[in-house]
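In: Got a predicted structure here, sequence first:
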Amino acid sequence: MPLTDRILLGPGPSNPYPEATLGLAAPLLGHLDPEFIAVLERTCDRLRALWGTGNPLTLPLSGTGSLGMETAFANTVSAGDVVVVAVNGLFGERMCEVARRYGADVVRVDHEWGQPVDVRRVLDAHPSPRLVAVVHAETSTGVVSDVGALGRALRERSDDTLLLADCVTSLGGMPLELDAWKVDIAYSGTQKCLGVAPGLAPFTFSERAWERRVTTPPVWYADLGLLGAYVRGGPGGRAYHHTAPTAMIASLDAALARIEAEGPEAVAERHRAAGARLREGLVDMGLELFAAEGHRLAQLTSVLVPEGVDSAKVRMRLLDEYGLEIGAGVGRYAASVWRIGLMGHNARLDRAEVVLAALRRVLD
Ligand code: PLP
């Protein structure tokens with residue numbers, strides 16, 4: 001492995017917090033060691049606090065964000081269940097595909113990419129779906145959607161529908177209030193605003209979801225009944241399910257401690273200020289932002305590649321000459337959009353200035 005030190009300003013992974021890197025290097029503990037169990041319990045408590053939930057079943061899953069998505073559908077959807085998915089980018093599309101594989105009758109509510117989710121259209125898509133799924137922060141476009149408005153409206157209408165929110169790019173970068181927003185199921189990923197290497201998917205499941213869950217999901221690894229028996233324990237103690245990645249969990253715990261010490265509001269403000277400076281600088285350079293105004297994420301900015309500029313060449317020059325990574329667009333925007341992330345440890349004014357300066361040089 002070359003010891004190349006990159007500035008990771010793409011859509012993730014981002015450079016981890018120094019605390020997270022140190023956490024990874026601590027002497028390894030076994031997954032049933034009482035000292036490790038204390039770390040795991042603290043990590044789950046910290047996740048609950050950051051997420052704004054009291055859900056007892058809150059845990060870091062051993063896999064990336066996509067395992068969170070898989071686990072969410074595997075434990076809630078059976079063949080023939082109606083699942084409404086709000087699609088305004090790549091990750092909404094992925095949700096449709098995952099739900100379909102569990103036999104769901106998927107009702108897609110398509111939006112133009114770059115636009116936020118329209119709550120009314122999602123509500124009108126079906127009168128009584130089993131599950132509604134939405135991406136809080138669409139990394140493919142840089143757009144935030146109002147999950148709270150959707151959750152409250154759904155719960156007012158009926159008690160039967162569960163709400164699932166993808167929080168991969170929002171957790172750790174902006175305030176989240178899952179219980180107040182009436183979100184039943186949510187997952188995230190460690191490599192974005194949480195400021196940890198990729199490898200874990202923080203996950204939370206409400207008591208309402210637990211009462212309505214699929215008791216024997218077709219994917220053994222994602223069975224929340226079995227996972228819960230390890231994380232929560234029971235009368236017979238903690239049951240082995242799989243070997244928890246203890247070093248990764250220690251690293252996540254260290255990053256969450258860092259966020260707690262700085263204060264989640266201060267962390268969100270740091271993301272907001274860095275994103276605002278980046279957007280201002282890009283516009284000053286004459287570039288056009290992609291995401292709809294008023295719905296732009298601070299932590300991920302999408303910008304149109306100027307006419308006649310080779311998108312891939314610019315990204316390669318940034319990497320070769322400045323050791324700086326930014327992301328391409330996705331799907332039909334692959335060559336016409338860049339995505340610049342200022343997440344977690346990188347949500348700083350100096351990082352915003354560095355990427356602006358490098359981009360100015362390369363585009364000159
Ligand atoms: N959902 C969103 C919004 C994402 O941005 C990503 C990854 O970029 C995922 C899901 C999938 O996560 P992973 O790539 O960690 O499996």
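Out: Structure received.
In: I'd guessed residue 348 sits against residue 277; true?
Out: No: counting by CB atoms under 8 Å, residue 348 does not reach residue 277; the two are 9.5 Å apart. Backbone N, C-alpha and C define where each C-beta goes, glycine included.
In: Quick check: the residue in the stretch 151-300 of the chain that the ligand sits nearest to vs residue 112, distance?
Out: Closest residue of the stretch 151-300 of the chain to the ligand, CB to the nearest ligand atom: residue 168 (3.6 Å). Residue 168 is 21 Å from residue 112, where distance means CB to CB, to the nearest Å.
In: cool, and residue 260?
Out: As judged by CB to CB, residue 260 and residue 112 stand 38 Å apart.
In: Comparing the two, which residue is more hemmed in?
Out: Taking other CB atoms under 10 Å, residue 260 and residue 112 do not tie; residue 260 has more neighbours (13 against 8).
In: residues touching that one, list them.
Out: Going by CB atoms under 8 Å, 6 or more residues apart in numbering, residue 260 touches 46, 49.
In: Please repeat the previous calculation with a cut-off of 10 Å.
Out: Contacts here follow CB atoms under 10 Å, 6 or more residues apart in numbering; on that basis residue 260 touches 46, 49-50, 267.
In: Buried ones only from these, please, as a PyMOL command.
Out: Of the contacts of residue 260, the buried ones can be selected in PyMOL as follows, counting by 16 or more other CB atoms under 10 Å:
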select buried, resi 46+50+267
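In: Need the contacts of residue 260 in a markdown table (columns: distance to residue 71 and secondary structure).
Out: Shown next, in a markdown table, are those (distance: CB to CB, whole Å; DSSP: H, G, I helix; E, B strand; the rest coil):
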| residue | distance to residue 71 | secondary structure |
| --- | --- | --- |
| 46 | 20 | helix |
| 49 | 21 | helix |
| 50 | 19 | helix |
| 267 | 26 | helix |
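In: What is the nearest of the contacts of residue 260 to residue 194?
Out: The shortest approach to residue 194 among the contacts of residue 260 belongs to residue 50, at 8.5 Å (CB to CB).
In: I'd assumed residue 263 was in contact with that closest one.
Out: No: in this structure, residue 50 is not within contact of residue 263 by CB atoms under 10 Å, at 11.3 Å.
In: Let me have the contacts of residue 260 in a markdown table, extended by pLDDT.
Out: As requested, the contacts of residue 260 are exported to a markdown table (pLDDT from 0 to 100):
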| residue | pLDDT |
| --- | --- |
| 46 | 98 |
| 49 | 98 |
| 50 | 98 |
| 267 | 98 |
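In: Would you enumerate the residues in contact with the residue of the stretch 151-300 of the chain closest to the ligand?
Out: Going by CB under 10 Å, 6+ apart, the list of residues near residue 168 reads 11-12, 64-66, 68-69, 91, 135-139, 186-194, 201-202.
In: Among those residues, which are located in helices?
Out: Taking DSSP state H, the ones among the contacts of residue 168 that sit in helices are 65-66, 68-69, 91.
In: Can you pick out the most distant pair from these?
Out: Spatial extent of these (CB to CB) is set by the pair 68 and 91 at 11.1 Å.
In: quick one: common contacting residues for those two?
Out: 166, 168.
In: if you count what's nearby, which of residue 348 and residue 277 comes out ahead?
Out: residue 277 (19 against 16).
In: so what's that one up against?
Out: The contact partners of residue 277, taken as CB under 10 Å, 6+ apart, are 298, 342, 348-353, 356.
In: Can you give me the buried ones in the strand or helix carrying it?
Out: If you go by DSSP states H and E, residue 277 is part of helix 264-284. Across helix 264-284, burial judged by 16+ other CB under 10 Å covers 264, 267-268, 270-271, 273-275, 277-279, 281-282.
In: Go ahead and measure how far the helix or strand following that helix is from the middle of the chain.
Out: Per DSSP H and E, helix 264-284 leads on to strand 300-304 as the next helix or strand towards the C-terminus. Mean-position distance between strand 300-304 and its chain equals 17 Å (CA atoms, centre = their mean, to the nearest Å).
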